[in-house]
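Peer 1: I need the structure of the sequence given here:
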Amino acid sequence: MNAPTTWSWIRDGRSRPRVVVLAAPNRPRVQQELKTVLETIEKHAEILAVDQNFEYEFEHCTSDLVVVLGGDGSILQSARQMGHRQRPVLGVNLGRLGFLAAIPPHRFVDIWPDVCAGRLSVTNHLMLRCDVYWRGNLQHTMLGLNEASILGGPPYSMMYIDLHIDSVLATTYACDGLIISTPIGSTAHNLSAGGPILRRNLQAFVISPISPHTLTMRPVVDTADRIFDLTMRTEHPSASILVDGRVLCHFGDEHRARISRAQDTFQLISVPGHDDYQALRDKLGWSGKPKLIE
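Peer 2: This is a model prediction of the structure:
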């Protein structure tokens, strides 16, 4: 799922790409590094906007690239902010984990010239679309990069969630909640709930029940080409549907959530020396040495 090697500005005969910079607000470290990053960008590219409040409108944007300063939450915000106007993203990690914002600030100065020369590639990552209907009428739509989930608050009680796949009943979950995750989101809430880790360029979703009442209800991986419909069998007073951790709406027994592959993909610039397994070693502590058997 790699992008064509001809980048937009090179295809158009321009020597310098146009860039939008998104910087996470209220983070002292971001402010400390922003000036240096901007100086580096300006040597090889044209800066269209510097957004430090995640308010920039991409609807009529002519940018070729987006540089994000922050953590993985800032990357999620950038995907949400771009909506149907996705651009290739390069993340500078000024957060904690850095699965998606992979470049430390000190490497940016070395990598940026290669980006502007079109020498790096782009990987297109699966995004999901969540449509919520109430009594058959579409009420809400949101794109997600990590997951869509049904979660409940107080009074805490079990949920009964029907899952239809391609209009056929798959099962009814008796559980505390349900997550449908993309491969990128498989290392987020899905992993905490006991779901599997997927390679990030797979075209698949993970369905993970949270604390299922039946122990044989295990996470399931299915192709991203299917349509997943979720309904509540009984009303739960505090159930909500969330996309990438943001509450979309209350989710009652007259609602239906449809999760499907989004037409848009999240375009992440591939950085040399950073791959899925290295991220697992570095970020999730997979670096322990196995004990040799003598």
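Peer 1: For the protein, just list every one of the helices.
Peer 2: 8-11, 28-44, 72-82, 105-116, 189-192, 276-283 (DSSP state H).
Peer 1: Can you add mean neighbour count and give those helices back as TSV?
Peer 2: The C-beta positions use only the backbone N, C-alpha and C, and glycine is treated the same way. Listed next are these as TSV, based on neighbours: other C-beta atoms under 10 Å:
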stretch	mean neighbour count
helix 8-11	16
helix 28-44	15
helix 72-82	23
helix 105-116	17
helix 189-192	19
helix 276-283	14
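Peer 1: The residue nearest to residue 149 when sequence neighbours are not counted: neighbour count?
Peer 2: With C-beta to C-beta, 6 or more residues apart in numbering as the criterion, residue 149 has its nearest non-adjacent residue at 4.5 Å, and that residue is residue 179. Look at residue 179: counted by other C-beta atoms under 10 Å, it has 27 neighbours.
Peer 1: just residue 118 next, same as before
Peer 2: Around residue 118 there are 15 residues (other C-beta under 10 Å).
Peer 1: and it, what pLDDT?
Peer 2: Residue 118 is assigned 93 on the pLDDT scale.
Peer 1: Can you pull out the low-pLDDT segments for the chain?
Peer 2: Along the chain, the model assigns pLDDT under 70 to residues 1-5, 97, 283, 287-294.
Peer 1: any idea how far residue 13 is from residue 6?
Peer 2: With the distance defined as C-beta to C-beta, to the nearest Å, residue 6 ends up 11 Å from residue 13.
Peer 1: which of the two has more neighbours?
Peer 2: Shown here are residue 6 and residue 13; by other C-beta under 10 Å, residue 6 has more neighbours (10 against 6).
Peer 1: show me what contacts residue 210?
Peer 2: 151, 175-179, 193 (C-beta atoms under 8 Å, 6 or more residues apart in numbering).
Peer 1: I'd like to know how many residues surround the nearest residue to it once chain neighbours are set aside.
Peer 2: Closest residue to residue 210 apart from its sequence neighbours, by C-beta to C-beta, 6+ apart: residue 177 at 3.9 Å. Counted with other C-beta under 10 Å, the neighbours of residue 177 add up to 21.
Peer 1: got a list of what residue 177 touches?
Peer 2: Listed by C-beta under 8 Å, 6+ apart, the contact partners of residue 177 are 149-152, 159, 209-211.
Peer 1: So what sits opposite it in the bridge?
Peer 2: Taking DSSP bridges as the rule, residue 177 bridges to residue 151, residue 210.
Peer 1: Thank you, goodbye.
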